[in-house]
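**Student:** Sequence and predicted model, in that order:
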Amino acid sequence: MTLSRRILLAYALPALPLAALYFPTYVYVAPFYAGERGVALAALGALFIGVRLLDAVTDPLMGWISDRTPARFGRRKLWLAVSAPLVGLSTWMLLVPPEDAGFGHAAVWLSALTLSWTVALTPYYAWGAEIDAGYSARARVAAWREAMTLLGTVVAVVLYNTADGAASGLRAVALLVAFGAPVCALAALVGAPEPQDFSRARLSLREAAAALRGNRPFRRLIAAYVVNGAANALPAGLFLFFIEDYLQAPDAGWLLLIYFLCAIAAIPVWTWLAKRLSKHRAWGIAMLYACAVFAFVPLLGPGDVVAFTVICVLTGFALSADLALPTAIQADVVDVDTAATGEQRTGLFFALWSVATKAALAVAGGAALIVLDVVGFRPGEANDPAALRALALLYAAAPVALKIVAVAMMWRFPLDRRAHDALRARIEASADRAAA
């Protein structure tokens, strides 16, 4: 089945408000609560790690529930409808806190937001993996979704940086998400089809765990993604600190806009390369390219905004590959499990994927905040050279090293187009026999 652009757009739309929320949470919230509400960086770092520990329980549970939801209710659509108002409420409370809000307020509403994200994103990504099962088609579905992800991020960056101060910027983003999440969810529910369930069996908990352990492509992919996710989390979480305290360019928030616009522009290139070569090789090339460019960042000094702008443009081209290609590969890895077990557990697999994504973001970002606090880095204040050097190394050198490790893990990934086509043939033949 070839999906029309109308269906692809309808499916992709919810990614816009969810991304408009996701990026500010990891880039703007920590500096806001530290600078405007006086919460210690170490406390915020511990909080971000703590909510990821919560995800380790709730995400797999949500994936299992979504997989077992009766088809007549919509295995994936139901949960997107339920989550939209929860996302709106928790977003508003976290991003528009009262004047006396401190660590407790941040902890409660970041936890609530994390739970609502779980209810939304786990079934949503599983839906995208199932809506079209072709090897190249999955890259196309992921490309549309991640284009909306990047567009939502761009809108959030524009709203934040054109507002009168951090509080006004976060309020503008909160308004976008509170109204946009229900509207875009409705568009997807009406305009995109519920995918076919190819399950022909139900596994016990022990059987399910054994199948996961035996899925070597999944283990390899998720390990590489955790490493690469940590590499991406460090510069994302430290971006504002690097710009304002290291480059000493407090008005350079527009660099994020350039970065994400370049990522949007490069989506067709990576989709074409994935079709031409393979998804895992295209992803590896993108990571190596990003490393080659980002390796120059530690050489920068105060005022080197023009050079950093060039780096943002060049690395932006690699971002869209990091977003779209791994999730498309993950969808193929689910087929390994479906062919082996007879149960289509896309929700569970993407829940584990979500845990890995969030854990990489929070643990790497949270650990970086703790390290900066230990070495004496203070946002917005005069810092000694050792603290600034630690900031530069965490921001740029560590991500390059991590990405090289991820490339080594993925370069000889065994699941290419030919292997995947054979898997799909087995799955569809089994489903036909079960139906007969």
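**Tutor:** Perfect, thanks for sending it. Numbering: from 1, shown residues only.
**Student:** Which residue lies nearest the spatial centre of this protein?
**Tutor:** The structure's the chain has its C-alpha centroid closest to residue 357; by Cα atoms, centre = their mean the separation is 6.1 Å.
**Student:** who touches that one in this structure?
**Tutor:** 225, 229 (Cβ atoms under 8 Å, 6 or more residues apart in numbering). From N, CA and C alone the C-beta is placed, and that goes for glycine too.
**Student:** One more: residue 10?
**Tutor:** Residue 10 sits next to 187, 188, 190, 191, 192 when contact means Cβ under 8 Å, 6+ apart.
**Student:** coming back round to it: mind checking pLDDT for the residue nearest to the centre of the chain?
**Tutor:** What the model reports for residue 357 is a pLDDT of 75.
**Student:** ok so, going back, only whichever of the contacts of residue 10 are buried, select them in PyMOL.
**Tutor:** The buried subset of these, as determined by 16 or more other Cβ atoms under 10 Å, is captured in PyMOL by this line:
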select buried, resi 187+188+192
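**Student:** Have a look at the protein and report the helix or strand with the lowest mean pLDDT.
**Tutor:** Scoring the helices and strands of the chain by mean pLDDT, DSSP states H and E places helix 205-214 at the bottom, with a mean of 66.
**Student:** in the very next helix or strand once past it, what counts as buried?
**Tutor:** For helix 205-214, the following helix or strand on the C-terminal side (DSSP states H and E) is helix 216-241. Within helix 216-241, the residues that count as buried by 16+ other Cβ under 10 Å are 217-218, 220-222, 224-241.
**Student:** What strand or helix carries residue 317?
**Tutor:** Per DSSP H and E: helix 305-341 holds residue 317.
**Student:** on that earlier part again, is it possible to export the contacts of residue 10 to CSV including secondary structure, distance to residue 28 and pLDDT?
**Tutor:** Converted to CSV, those look like this (DSSP: H, G, I helix; E, B strand; the rest coil; distance: Cβ to Cβ, whole Å; pLDDT from 0 to 100):
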residue, secondary structure, distance to residue 28, pLDDT
187, helix, 27, 93
188, helix, 27, 92
190, helix, 32, 91
191, helix, 31, 88
192, coil, 31, 88
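**Student:** ok, the contacts of residue 10 vs residue 7, which is closest?
**Tutor:** residue 192 (5.4 Å; Cβ to Cβ).
**Student:** okay, now the nearest residue to the closest one once chain neighbours are set aside: neighbour count?
**Tutor:** Among residues not flanking residue 192 along the chain, residue 11 sits closest, at 4.0 Å (Cβ to Cβ, 6 or more residues apart in numbering). Residue 11 has 24 neighbouring residues, counting by other Cβ atoms under 10 Å.
**Student:** next structured bit after the strand or helix carrying residue 11?
**Tutor:** Element membership of residue 11 [criterion: DSSP H and E] is helix 5-12. Next along the chain after helix 5-12, taking DSSP H and E as the criterion, comes helix 15-27.
**Student:** Put the alpha carbons of that following helix into CSV.
**Tutor:** Listed next in CSV are the C-alpha coordinates belonging to helix 15-27 (Å, rounded to 0.1, in the frame of the first residue of the first chain):
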residue,chain,number,x,y,z
ALA,A,15,4.3,15.5,16.1
LEU,A,16,4.2,19.3,15.7
PRO,A,17,2.8,20.2,19.1
LEU,A,18,4.5,17.3,20.8
ALA,A,19,7.9,18.5,19.5
ALA,A,20,7.1,22.1,20.3
LEU,A,21,6.9,21.0,23.9
TYR,A,22,9.6,18.4,23.9
PHE,A,23,12.5,20.6,22.9
PRO,A,24,11.8,23.5,25.3
THR,A,25,11.5,21.0,28.2
TYR,A,26,15.1,19.9,27.7
VAL,A,27,16.6,23.2,26.6
